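Chemist: Need a 3D model of the following:
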Amino acid sequence: MTNLAIAANGLRKSYGDKVVLDGVDLAVPRGSVFSLLGPNGAGKTTAVKILSTLISPGSGSGPIRVAGHDLVTDPQAVRAAIGVTGQFSAVDGLITGEENMLLMADLHHLSRAEGRRVTAGLLERFDLVEAAGKPASTYSGGMKRRLDIAMTLVGSPRIIFLDEPTTGLDPRSRHNMWQIIRELVADGVTVFLTTQYLEEADQLADRIAVLHDGTIAAEGTAGELKRLVPGGHVRLRFTDPLSYQQAVLALPGAVRDDEAQAVQLASDGSQHDLRSILDRLDTAGVRADELTVHTPDLDDVFFALTASPTERNQTASPDQQAQEAHR
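Modeler: Coordinates of the predicted model:
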């Protein structure tokens, strides 16, 4: 528990008859990026609001600790340790970027001198010095997002909740935001990230949880999640016709591509699986000229874990459809 920035057991929340979170367990190590994925309405923002003390957990929830503090009995200590950046910017467009920062410093009860020192450092860190004296309403979307996170950092939080922080940003601004997140984690900050951009979770997250129908459908590293979905394979290509024929004999069940002199085998892409295939080729005295590993991406994982049975069946192969019908 001492190594966890966030530990939630049986997190629940309902609004009337609508169950939003139905017994969600979360364990987020300190100094890591944890990403919560899920379709619209899955409960991602509700989870963030509970963990950041904006709303109370539902009845029946188990113990929840954030930054080592009990969320229910000591919410003030939790608030002092965290920062939150929501889907919509908290920047006041009527005042300058610097004034936004100084206002945040006042809210954190920093002295005037300390507030100016912290503000200057963060404006420089987020490349906002030139724009600091301009009204925030004139900032681009990416600049507003950078200012938003800079404001969040005024209180030196050790845990930051980023609720879909790159929504609406262009690709360049999104990549800039990713670099900022990596730098935060390098400084020891824990980042709890919700996103609908699967590439974003793949690029940033140490661990990913997929939220569906109020529960965690799966959790793991990006690689572990990708191996949950069928479709991974290894493709071996040979330039020598004899080697190709020997490989076909050594790898029974492989799909042949005679024109390309290549074979394809189902594989989860793990080291153990690859070693097994290569050992079989070594035993036959065959060496492949080219080996490529294909694994499902997070799009495949997301769809497989959150689609309805009807949706899955509509896009499945005939064999998969037969298996689904049999189940």
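
Chemist: Assign a three-state SS to the closest residue in space to residue 267 that isn't next to it in sequence, would you?
Modeler: Nearest residue to residue 267, sequence neighbours excluded (Cβ to Cβ, 6 or more residues apart in numbering): residue 234, at 4.4 Å. Using the backbone N, CA and C atoms, a C-beta is placed for each residue, glycine as well. Assigned with DSSP: H, G, I helix; E, B strand; the rest coil, residue 234 falls in the strand class.

Chemist: Next, count neighbours for residue 234.
Modeler: Using other Cβ atoms under 10 Å, residue 234 has 23 neighbouring residues.

Chemist: quick one, longest helix in the chain?
Modeler: Scanning the chain for the longest helix, with DSSP state H as the assignment, gives helix 171-186.

Chemist: Distance-wise, check the residue nearest to residue 267 relative to residue 279.
Modeler: 13 Å (Cβ to Cβ, to the nearest Å).

Chemist: now residue 128
Modeler: Residue 128 sits 56 Å away from residue 279, going by Cβ to Cβ.

Chemist: Likewise for residue 131?
Modeler: As judged by Cβ to Cβ, residue 131 and residue 279 stand 59 Å apart.

Chemist: mind listing the strands for this structure?
Modeler: Listed in chain order, the strands found in the chain under DSSP state E are 4-15, 18-29, 33-37, 64-66, 69-70, 82-85, 159-163, 190-195, 207-212, 215-220, 233-237, 255-257, 262-266, 290-294.

Chemist: which of the ones you listed is buried the deepest?
Modeler: Most buried of the strands of the chain, by mean neighbour count (mean count of other Cβ atoms under 10 Å): strand 33-37, with a mean of 26.

Chemist: of residue 131 and residue 279, who's got more company?
Modeler: A side-by-side neighbour count of residue 131 and residue 279, using other Cβ under 10 Å, places residue 131 first with 19 against 10.

Chemist: Now do the contacts for that one.
Modeler: 97, 138-139, 143 (Cβ atoms under 8 Å, 6 or more residues apart in numbering).

Chemist: And the protein, what are its domain boundaries?
Modeler: If you go by automatic domain parsing, the domain ranges for the chain are 4-220, 233-294.

Chemist: Deepest in the core, which of those is it.
Modeler: With neighbours taken as mean count of other Cβ under 10 Å, these reach their highest mean count in domain 4-220, at a mean of 18.

Chemist: distance between the ends of it?
Modeler: Taking Cα to Cα, to the nearest Å, the first and last residues of domain 4-220 lie 16 Å apart.

Chemist: Equivalent analysis for stretch 29-40, please.
Modeler: 26 Å.

Chemist: what's in contact with it?
Modeler: Residues from elsewhere that reach stretch 29-40 (Cβ under 8 Å, 6+ apart): 3-6, 26, 28, 44, 47-48, 158, 181, 185, 188-196, 198, 200-201, 204-212, 298, 302, 306.

Chemist: Stretch 50-65 now?
Modeler: Identification of contacts with stretch 50-65 by Cβ under 8 Å, 6+ apart yields 1, 4, 6-14, 21, 26, 46, 48-49, 66, 70-72, 75, 78-79, 82, 84, 161, 192.

Chemist: Figure out how far the longest helix of the chain is from the centre of its chain.
Modeler: Mean-position distance between helix 171-186 and its chain equals 13 Å (Cα atoms, centre = their mean, to the nearest Å).

Chemist: likewise stretch 71-87?
Modeler: Relative to its parent chain, stretch 71-87 has a centroid offset of 21 Å by Cα atoms, centre = their mean.

Chemist: could you give me the average pLDDT of that stretch?
Modeler: Mean pLDDT, computed over stretch 71-87, is 91.

Chemist: In helices only, show me the contacts of residue 131.
Modeler: Taking DSSP H, the ones among the contacts of residue 131 that sit in helices are 97, 143.
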